[in-house]
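Peer 1: Mind looking at a prediction? Sequence and model below.
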Amino acid sequence: MIKIKSELEFKKWFKKNYKKLGYSKIIKDKKGKFPDFIMLKNNKYVGVELETLSSNFILHNHDPKKVNELICIRKDVNVKIPIIEIKELEYESRLKRISATIDKETLEIIKRILKKGNYRNMSHIVEEAIKAFEKNEKKK
């Protein structure tokens, strides 16, 4: 079993193994833009998104109407598009997911920050806030 620790590693694996999954050609590697790839499959263009966990599709706020297939290492939730789970891979996350409850006012602040476009998602904002807090604590 091959262990994958990040989406970047998964993307590298995919580029070497896409033909095993029924794709004949990479038409376009979107370099971090959604969807990750435009592929050729059965003489048709197919938008493909890679996620280590299928739930990341939801977490990253992806629009199922703008992609044809989701390829993941582990299918932990269903989404409204076909999912291809790669069972020969094992996802070994270096991060742990947690949930948090926030009040309405904090949520609105986070939404305004997200609209400015400097962050991937709400979790990214929280990560950066913790780093800023730690940096401030070291100065004291």
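Peer 2: That came through fine. Owing to the predicted nature of the structure, the values given are computational and were not obtained by experimental measurement.
Peer 1: Could you report the pLDDT at the closest residue to Lys80 other than its chain neighbours?
Peer 2: Distances taken as CB to CB, 6 or more residues apart in numbering put Pro64 closest to Lys80, at 4.2 Å, once the chain neighbours are dropped. The way it works is simple: take the backbone N, C-alpha and C, and place the C-beta from them, glycine included. Looking at Pro64, its pLDDT stands at 96.
Peer 1: Now do the buried residues in the lowest-mean-pLDDT helix or strand in the chain.
Peer 2: Least confident helix or strand, the chain: helix 122-139 with a mean of 83, by mean pLDDT, DSSP states H and E. Buried residues in helix 122-139, counted by 16 or more other CB atoms under 10 Å: Met122, Ile125.
Peer 1: Kindly report the same for stretch 49-60.
Peer 2: Of the residues in stretch 49-60, those buried by neighbour count under the rule 16+ other CB under 10 Å are Glu49, Leu50, Glu51, Thr52, Leu53, Ser54, Ser55, Asn56, Phe57, Leu59.
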